[in-house]
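Peer 1: for reference, the sequence and a predicted model appear below.
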Amino acid sequence: SSCLLTPSASPGAAEDPVDWTVADVASYFTAAGFPEQALAFRTQEIDGKSLLLMQRNDVLTGLSIRLGPALKIYERHVKVLQQTHFQDDEAFC
Amino acid sequence: SSCLLTPSASPGAAEDPVDWTVADVASYFTAAGFPEQALAFRTQEIDGKSLLLMQRNDVLTGLSIRLGPALKIYERHVKVLQQTHFQDDEAFC
Amino acid sequence: SSCLLTPSASPGAAEDPVDWTVADVASYFTAAGFPEQALAFRTQEIDGKSLLLMQRNDVLTGLSIRLGPALKIYERHVKVLQQTHFQDDEAFC
Amino acid sequence: SSCLLTPSASPGAAEDPVDWTVADVASYFTAAGFPEQALAFRTQEIDGKSLLLMQRNDVLTGLSIRLGPALKIYERHVKVLQQTHFQDDEAFC
Amino acid sequence: SSCLLTPSASPGAAEDPVDWTVADVASYFTAAGFPEQALAFRTQEIDGKSLLLMQRNDVLTGLSIRLGPALKIYERHVKVLQQTHFQDDEAFC
């Protein structure tokens, strides 16, 4: 129970993003250093299930956030959370 | 006559989405838990034939709905309705 | 001289869309049941030559028309007119 | 010195679009019958080097010009100028 | 220590774009002849790490800059900086 991307700042949150609420998603991005962008995820009502469905372009243009942080949020967080989630279908992390 | 995605909330609706009216489409999404987004489908005049022609990006950006629900509406409903419809051309469901 | 998609409502129009004027294009879509959208084609100055160059996304987002009718206009008309035109290069219809 | 697409209306312009100034590009499209759209090229500061880098979607959505003329400008001019330019790297025209 | 694209105008800047701050990125584009567009990179909070993640469409539509300069900024700078950076993982330049 120590997977890389568990939002340590929200200990009550489920470990697998698929179970995160909209509030958990926002907490995750606030803890990751993107408090302003976390608000945009909340405004767009993105919970863990939706987060796992997001593609690069959705993050860059669908959230109305600045391009610099958006590029990092996708590459370092959304993409990695998705890879971890879909790997976990086959193996423990 | 018990296919998975028949809109049970609107018993009068035809079973195959291709025959749904704009009102049937809106009823389907209201029953599926997306009453607010159902209005957007109605505003854009989307009947069953149009629904079967929608691609991911059309749902995400063409309806002016929030990104979180849009992602689920496409993955869990539009895509599944299309798969069921086009499978039915070959087999009973 | 009885090809499927000749705009029967505008008997003066040339049979091959490549020769349609902006007014012929608008007449075609009015006759096809899309009078409101016909105006958008006229506003965007789309004659037959431009019509034959349109791709799916151009119809869906470049005309500022509602998504439902746009999906049908592309699938049932623009795409079919283009197929008919480019087939005609090889055979009579 | 009689290549197909040299802007005959601006005899002072270099023959290869790569050397055209923003004013040469605007003159070319004015001479080609698109005076209104020529202004958009000028507003977007498109010189010959930029013109050779333009893709279909850049012409259709990046210039804020009407869709009908945009489709023709791309197919009959931008695309052809690029083909001619890149062919000329290998052969005289 | 004489790689092609080091921003000579900002001698204090790290040589590898991955280490550039938002200010370094802006200095680079100012020195490259795009002072106005440098402001847009700053507004979008693009540091070196984000710069290395940018795709063509991000530069053309995500910065709200004119199309002509945007096309050159992508082809001559962003793309080249990325190629140099990712080559450097394997060899000294």
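Peer 2: Happy to help now that I have it. Numbers count the residues shown, from 1 in each chain, chains lettered A, B, ... in the order given.

Peer 1: low pLDDT regions in chain A?
Peer 2: For chain A, the stretches flagged by pLDDT under 70 are A:1-13, A:88-93.

Peer 1: run a quick neighbour tally on A:Lys72.
Peer 2: Neighbourhood size, A:Lys72 [other Cβ atoms under 10 Å in any protein chain shown]: 20. For the C-beta atoms, the positions are set from N, CA and C on the backbone; glycine is no exception.

Peer 1: kindly report the residues of chain A close to chain B.
Peer 2: A:22, A:43-47, A:49-50, A:53-54, A:58, A:62-63 (Cβ under 8 Å from any Cβ of the partner chain).

Peer 1: name the member of these that has the highest neighbour count.
Peer 2: That'd be A:Ile46 among the residues of chain A next to chain B, by other Cβ under 10 Å, with 30 neighbours.

Peer 1: can you pull the contacts of the residue at minimal distance from the centre of chain A?
Peer 2: The centroid of chain A falls nearest to A:Val78 when counting by Cα atoms, centre = their mean (5.0 Å). Each residue near A:Val78 by Cβ atoms under 8 Å, 6 or more residues apart in numbering or on different chains is listed here: A:51, A:54, A:59.

Peer 1: against chain E, how distant is it?
Peer 2: 12 Å (Cβ to the nearest Cβ, to the nearest Å).

Peer 1: name the helix or strand for A:Ala38, please.
Peer 2: helix A:35-43 (DSSP states H and E).

Peer 1: list the buried ones in that helix?
Peer 2: Buried positions in helix A:35-43, judged by neighbour count with 16 or more other Cβ atoms under 10 Å in any protein chain shown: A:37-38, A:40-42.

Peer 1: and which of those residues is nearest chain D?
Peer 2: A:Ala40 (24.0 Å; Cβ to the nearest Cβ).

Peer 1: excluding chain neighbours, what is closest to whichever residue of chain A sits closest to chain E?
Peer 2: Chain A approaches chain E most closely through A:Gly68 (3.6 Å), counting by Cβ to the nearest Cβ. Distances taken as Cβ to Cβ, 6 or more residues apart in numbering or on different chains place E:Glu45 nearest to A:Gly68, at 3.6 Å, with adjacent residues excluded.

Peer 1: surely the one you found touches A:Arg66?
Peer 2: Yes - counting by Cβ atoms under 8 Å, E:Glu45 does reach A:Arg66; the two are 5.0 Å apart.

Peer 1: and A:Phe86, how many neighbours does it have?
Peer 2: 10.

Peer 1: what about it, is that helix, strand or coil?
Peer 2: Recorded secondary structure, A:Phe86: helix (DSSP: H, G, I helix; E, B strand; the rest coil).

Peer 1: roughly how far does it sit from A:Val80?
Peer 2: Here the criterion is Cβ to Cβ, to the nearest Å. By it, A:Phe86 lies 11 Å from A:Val80.

Peer 1: go on, A:Asp58?
Peer 2: A:Asp58 is 16 Å from A:Val80, by Cβ to Cβ.

Peer 1: what do you get for A:Met54?
Peer 2: 12 Å.

Peer 1: could you do A:Thr30 as well?
Peer 2: Taken as Cβ to Cβ, the span from A:Thr30 to A:Val80 is 17 Å.

Peer 1: more neighbours, those two?
Peer 2: Taking other Cβ under 10 Å, A:Thr30 and A:Val80 do not tie; A:Thr30 has more neighbours (19 against 13).

Peer 1: so that one makes contact with A:Ala38?
Peer 2: Yes - assessed by Cβ under 8 Å, A:Thr30 is found in contact with A:Ala38 at 4.4 Å.

Peer 1: helices or strands next to the helix holding A:Ala38 in the packing?
Peer 2: If contacts are counted by 3 or more Cβ pairs under 8 Å, 6 or more residues apart in numbering or on different chains; DSSP states H and E, helix A:35-43 sits against helix A:22-31, helix A:67-72.

Peer 1: now the last one, how far from the centre of its chain.
Peer 2: Mean-position distance between helix A:67-72 and its chain equals 14 Å (Cα atoms, centre = their mean, to the nearest Å).

Peer 1: contacts for that helix, please.
Peer 2: Contacts of helix A:67-72 (Cβ under 8 Å, 6+ apart): A:34, A:36-37, A:59-60, A:63, E:22, E:44-47, E:49-50, E:53-54, E:58, E:62-63.

Peer 1: in helices, which of these fall?
Peer 2: Cross-referencing the contacts of helix A:67-72 against helices under DSSP state H gives A:36-37, A:59-60, E:22, E:49-50, E:58.

Peer 1: so which of these comes closest to chain D?
Peer 2: Nearest to chain D among the ones in helices among the contacts of helix A:67-72, with distances taken as Cβ to the nearest Cβ, is E:Asp58, at 13.6 Å.

Peer 1: follow-up on the earlier one: show me what contacts the residue nearest to A:Gly68?
Peer 2: A:66-69, E:22.

Peer 1: how close does A:Leu67 sit to E:Glu75?
Peer 2: 18 Å.

Peer 1: look at those two and report which has more neighbours.
Peer 2: A:Leu67 (23 against 16).

Peer 1: assign A:Ala14 to helix, strand or coil.
Peer 2: coil.

Peer 1: pretty sure A:Gln82 contacts A:Gln55?
Peer 2: No - applying Cβ under 8 Å, one finds A:Gln82 not in contact with A:Gln55, separated by 9.6 Å.

Peer 1: contact residues of chain A facing chain E?
Peer 2: So chain A meets chain E at A:60-61, A:66-69, A:71-72, A:74-75 (Cβ under 8 Å from any Cβ).

Peer 1: how about a cut-off of 10 Å?
Peer 2: Residues of chain A lying near chain E by Cβ under 10 Å from any Cβ of the partner chain: A:56-57, A:60-61, A:65-72, A:74-76.

Peer 1: any idea how far the closest residue to A:Lys49 other than its chain neighbours is from E:Val22?
Peer 2: Sequence neighbours aside, A:Val18 is the residue nearest to A:Lys49 in space, at 5.9 Å (criterion: Cβ to Cβ, 6+ apart). Note on A:Val18: its distance to E:Val22, by Cβ to Cβ, is 34 Å.

Peer 1: now do A:Asp58
Peer 2: From A:Asp58 to E:Val22 the distance is 24 Å (Cβ to Cβ).

Peer 1: OK, contacts around the closest residue to A:Pro35 other than its chain neighbours?
Peer 2: Spatially, and ignoring its direct neighbours in sequence, A:Pro35 is nearest to A:Phe29 (7.6 Å; Cβ to Cβ, 6+ apart). Listed by Cβ atoms under 10 Å, 6 or more residues apart in numbering or on different chains, the contact set of A:Phe29 reads A:7, A:35-42, A:46, A:51, A:69, A:73, A:77-78.
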